[in-house]
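K.L.:
Structure, please.
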Amino acid sequence: MYLWLRRTYFSFGNEKKIGFLLHFSHLFGNFVAEMDYTLNCNGRLLSLHTPQVMGILNVTPDSFYAESRKQSERDIIERTQQILQEGGTVIDVGGCSTRPGATCVEDDEEMDRLRYALGIVRREVPDAVVSVDTFRPDVARMAVEEYGVDIINDVSEGADTKMFRMVARLGVAYILMSVQPTIKEMLLHFAQEVDELRSLGQKDIILDPGFGFGKTTEQNYEVMSNLENLNMLHLPFLVGVSRKSMIYKVLGGSPSEALNGTTVLNTIALQKGAAILRVHDVREAVECVSIVESLSCRV
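P.N.:
Alright, predicted model coming up:
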């Protein structure tokens, strides 16, 4: 049955693929959720059979969650060690805030921030899996060529037309984040973009539905409600809802009061097939993975 479904799927164009997948979503979702993914991180293999936790390290003065801002050498060292000690397996370093209303720094400033932080991270934990959060191809190239970064995390859905070609040339894993408002539009764009990336030789692709990007609060929850449909594309997906406004706009408060809501949404995301959680609070996310995995073992 699954072989027939896959053969039929790959015989269609992208528009028909989406309709086909949505029609058979109950079958594809269950099938793909059981698959085992392995990322090649510069020769080191990172299995996603058990969901992984990516800890956020922002070296910016204006990220939306103040506690995530780490600019001194001591703060960067402490945050790096904290991520790993609490069970995180990927350190995601960002040098340009993408929060709503943030002023986007110039390329040179972003590179300077990242060079400072990546130099410290690589010195302290040379074998750690490191991701860089950037939408700029030249920044991605610097991070990979100078510091051996393992993953490029692009929040722009490849808005810079050079990014796809750049990551394929660099040979690192690529996180493709959607700015589309609905699951259907997301699936259609992802299908087209994945085809383009594959044609360029890109191997490891991780999808990200992009909570908080190009979506209203209501659309964010609609995407979360239908998140399992991402499994149709037979690729791992990352979820990043940590302390975002979709939580505190519903519950009230601020990012500093949004940990409980984050844990709830992370739990739902894991049950729908998320392979990576991108978070500020690593220990809580690791515990969330452990509990959901224990439930899965008993189903």
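K.L.:
can you give me the helices for this structure?
P.N.:
Counting by DSSP state H, the segments of the chain that form helices are 2-10, 14-23, 25-33, 73-85, 107-124, 137-147, 163-170, 183-199, 217-225, 245-251, 259-271, 282-297.
K.L.:
Can you add distance to L39 and give those helices back as a markdown table?
P.N.:
The C-beta positions use only the backbone N, C-alpha and C, and glycine is treated the same way. Formatted as a markdown table, these follow (distance: least, CB to CB, whole Å):
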| stretch | distance to L39 |
| --- | --- |
| helix 2-10 | 22 |
| helix 14-23 | 24 |
| helix 25-33 | 16 |
| helix 73-85 | 17 |
| helix 107-124 | 19 |
| helix 137-147 | 15 |
| helix 163-170 | 13 |
| helix 183-199 | 15 |
| helix 217-225 | 24 |
| helix 245-251 | 27 |
| helix 259-271 | 18 |
| helix 282-297 | 17 |
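K.L.:
Out of the ones you listed, flag the one nearest P61.
P.N.:
Among the helices of the chain, helix 107-124 comes nearest to P61, with 9.4 Å by CB to CB.
K.L.:
and the closest one, which residues are buried?
P.N.:
Neighbour counts over helix 107-124 (16 or more other CB atoms under 10 Å) mark E110, M111, R113, L114, R115, A117, L118, I120, V121, R122 as buried.
K.L.:
what does stretch 246-264 give?
P.N.:
Buried-residue list, stretch 246-264, by 16+ other CB under 10 Å: M246, I247, Y248, P255, A258, L259, G261, T262, T263.
K.L.:
Need the contact partners of that stretch.
P.N.:
Contact with stretch 246-264 is made by 64-67, 211-212, 217, 220-221, 241-245, 265, 279, 281, 284-285, 288, as judged by CB atoms under 8 Å, 6 or more residues apart in numbering.
K.L.:
Please repeat the previous calculation with a cut-off of 7 Å.
P.N.:
Stretch 246-264 is contacted from outside by 64-65, 211-212, 217, 220-221, 241-243, 265, 281, 284, 288, using CB atoms under 7 Å, 6 or more residues apart in numbering.
K.L.:
Now do the contacts for L197.
P.N.:
Contacts for L197 were tallied using CB under 7 Å, 6+ apart; they are F164, A168, I205.
K.L.:
Figure out how far stretch 241-257 is from the centre of its chain.
P.N.:
Put simply, stretch 241-257 sits 19 Å off its chain's centre (CA atoms, centre = their mean, to the nearest Å).
K.L.:
and if you look at stretch 138-150?
P.N.:
That offset, for stretch 138-150, works out to 18 Å (CA atoms, centre = their mean).
K.L.:
Just put the buried residues of stretch 246-264 in a markdown table and tack on distance to Q180 and pLDDT.
P.N.:
Below are these laid out as a markdown table (distance: CB to CB, whole Å; pLDDT from 0 to 100):
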| residue | distance to Q180 | pLDDT |
| --- | --- | --- |
| M246 | 16 | 94 |
| I247 | 21 | 96 |
| Y248 | 23 | 92 |
| P255 | 24 | 90 |
| A258 | 24 | 92 |
| L259 | 28 | 95 |
| G261 | 23 | 96 |
| T262 | 23 | 97 |
| T263 | 26 | 97 |
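K.L.:
Distance-wise, check M163 relative to T134.
P.N.:
9 Å (CB to CB, to the nearest Å).
K.L.:
and if you look at V90?
P.N.:
If you go by CB to CB, the gap between V90 and T134 works out to 15 Å.
K.L.:
So for these two, which residue has more residues nearby?
P.N.:
With neighbours defined as other CB atoms under 10 Å, V90 and T134 compare such that T134 has more, 28 against 24.
K.L.:
I'd say the more buried one and V144 touch.
P.N.:
No - T134 sits out of contact with V144 when judged by CB atoms under 7 Å, with a separation of 10.6 Å.
K.L.:
hmm, back to that, pick the one among the contacts of stretch 246-264 closest to L84.
P.N.:
The closest of the contacts of stretch 246-264, once distances to L84 are taken by CB to CB, is D281, at 14.5 Å.
K.L.:
show me the contacts for G212.
P.N.:
So G212 contacts N220, K244, S245, M246 (CB under 7 Å, 6+ apart).
K.L.:
low-confidence ranges in this protein?
P.N.:
Within the chain, the set of residues satisfying pLDDT under 70 comprises 1-35, 62-71, 99-103, 297-299.
K.L.:
middle-most residue in it, spatially?
P.N.:
Ranked by distance to the mean C-alpha position of the chain (CA atoms, centre = their mean), the top residue is L238 at 3.9 Å.
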